[in-house]
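*Asks:* let me see the structure of the following:
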Amino acid sequence: MSKVALVHAVSPEIYTEIAMYSPKGLTTINTDLKKIHDNNFAHIKDAEFIMLCGNVIPDEIINVPNNIRLIQLMSAGWDFLNIPLIKSLNIPVANNGGANSWAVADHTIMLILATYHRLIEVDKATRDGEWGYPLDGTNVFELAGKRVGLLGMGNIARQVARRLLPFDARIQYHDLHRLSPNDEEDLSIKYVDMETLFSSSDIISIHIPLIDSTYHLIDKNLIDLMKPSAIIVNTSRGSIIKESYLIKALSRNKISGAALDVFEQEPIEKNNPLLSMKNVIVTPHCAGNNWDAWSRRAKFGYSNIQNMVNGGEPLSIVHL
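*Replies:* Numbers count the residues shown, from 1 in each chain. Now for the predicted structure:
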C-alpha cells in the first residue's frame, strides 16, 4: 500500500477535511510540522509521495524517505521550495492544477472593487462618525468600460476574466503563450504586448509565477508606462514587482493605487511604507485560503497521486 506524507501546519478541522479524500489503497501519514520536534521525520521513511499543504517544507522531509516519486503541492506556486535539492534528487513536483483559482479570483475582484470604492477608508470613516468621508463624487469609480489588463493567463487569470465579464469591463491580457482564438472569443479577451498592457490598462492584475525571469519584472520601466489613474493588483508573488519603486510611484501619485495580497518580505515588516498609504489595500497572502477550496485541493492532489500509483503520468507538473 502506497504511503502519502501529508505535510502541514493546519488546524485539525482542515487536516480532517483534506485527509477524508484519501482514496482506498493509499495511507496518509499525518506530518504536522507544529508537533514534530528536532526534525525527526523517521515516521515517513517509507512514504512514496509528499503532499504539501503550506509553504514550508524542511529539507529533512525530502531527504528522509527512500524513494519519493512526487511532491504534490496544494498551492499554485512553488518558489518556496529548495529547488536545487529537489532537482538533484530528480523529484517531480506538481501544483494544485488550479484548485484554488476560484478563491484567488474572488479575492482579486474584491480588491479591485474595494479600491475603486475606497471601501477601507469609507468603512473606517463611517465607524468614526465622519459621514460621507472621503467620498466627494469624484474619487469612486465603476468597472463598466474600464480596461483590465491581466498579466498571465493561467487558471486564476481565466477565472478572473470570467468574473469581470458581467461588470462590462474590457479585458486584455499578455502571456508568453497566447490563447487560441476560440478561448479568446469565449472570454471576450484581447491579446496585447506587454507595453500596451501597462500603458493602456486602467487596472493591472498580476497572475504569473515567480521564477528567475519574472523576479522584479514589473519595475520602473513598466510602472512608468501606467496611467496616473491606473491601479495595480497583485495576488501572485510579491517579488514580481520591484516594491521599492512601487512605493515611490504611489507616494508621488504616478499611479492611483495598489491592492496587494503579497509582498517581497512576508510577513510584511511593520515599518513598510505600504502600510501607511491611503491609496493601498493590503491583505496577508490569504487570497487562496478559504474553506471551499480545501476539498478541491485535496481531491486533485490525491487523484494525481492515485493516477501515478495506477501507472499513469501526473498532471500539472511544474518546470523547476
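
*Asks:* CA atoms only for stretch 190-208, dumped as CSV, please.
*Replies:* The C-alpha atoms that make up stretch 190-208 are tabulated as CSV, following Å, rounded to 0.1, in the frame of the first residue of the first chain:
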residue,chain,number,x,y,z
LYS,A,190,-7.8,40.6,-26.4
TYR,A,191,-4.1,39.8,-26.6
VAL,A,192,-1.7,42.7,-26.4
ASP,A,193,2.0,43.1,-26.0
MET,A,194,3.5,43.9,-22.5
GLU,A,195,4.0,47.6,-23.2
THR,A,196,0.4,48.1,-24.4
LEU,A,197,-0.9,46.2,-21.4
PHE,A,198,0.7,48.6,-19.0
SER,A,199,0.2,51.8,-20.9
SER,A,200,-3.5,51.3,-21.8
SER,A,201,-5.0,49.4,-18.9
ASP,A,202,-7.0,51.1,-16.1
ILE,A,203,-6.3,48.1,-13.9
ILE,A,204,-3.3,45.7,-14.0
SER,A,205,-3.8,42.4,-12.3
ILE,A,206,-0.8,40.0,-11.9
HIS,A,207,-1.2,36.3,-12.4
ILE,A,208,2.3,34.8,-13.2
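
*Asks:* list the buried residues of stretch 283-297.
*Replies:* His285, Ala287, Gly288, Asn289, Ala293, Trp294, Arg296, Arg297 (16 or more other Cβ atoms under 10 Å). For every residue, glycine as well, the C-beta is placed using N, CA and C.

*Asks:* the third one: what secondary structure?
*Replies:* Gly288 falls in the coil class when you classify it by DSSP: H, G, I helix; E, B strand; the rest coil.

*Asks:* if I look at it, how far off is Gln159?
*Replies:* 11 Å (Cβ to Cβ, to the nearest Å).

*Asks:* intersection of neighbour lists for those two?
*Replies:* Val104 (Cβ atoms under 8 Å, 6 or more residues apart in numbering).

*Asks:* what's next to the host helix or strand of Asn304, contact-wise?
*Replies:* Asn304 is part of helix 291-309 when elements are defined by DSSP states H and E. Surrounding helix 291-309, the residues in contact under the criterion Cβ under 8 Å, 6+ apart are 2, 4, 14, 17-23, 25-26, 49, 51, 53, 69-70, 72-74, 94, 96-97, 99-100, 102-103, 313-316.

*Asks:* and which of the buried residues of stretch 283-297 is nearest Asp193?
*Replies:* Ala287 (27.1 Å; Cβ to Cβ).

*Asks:* that closest one - nearest residue in space that isn't next to it in sequence?
*Replies:* His107 (3.6 Å; Cβ to Cβ, 6 or more residues apart in numbering).

*Asks:* ok, now which ones touch that neighbour?
*Replies:* By Cβ under 8 Å, 6+ apart, the contact set of His107 is Thr235, Asp261, Thr283, Cys286, Ala287, Gly288.
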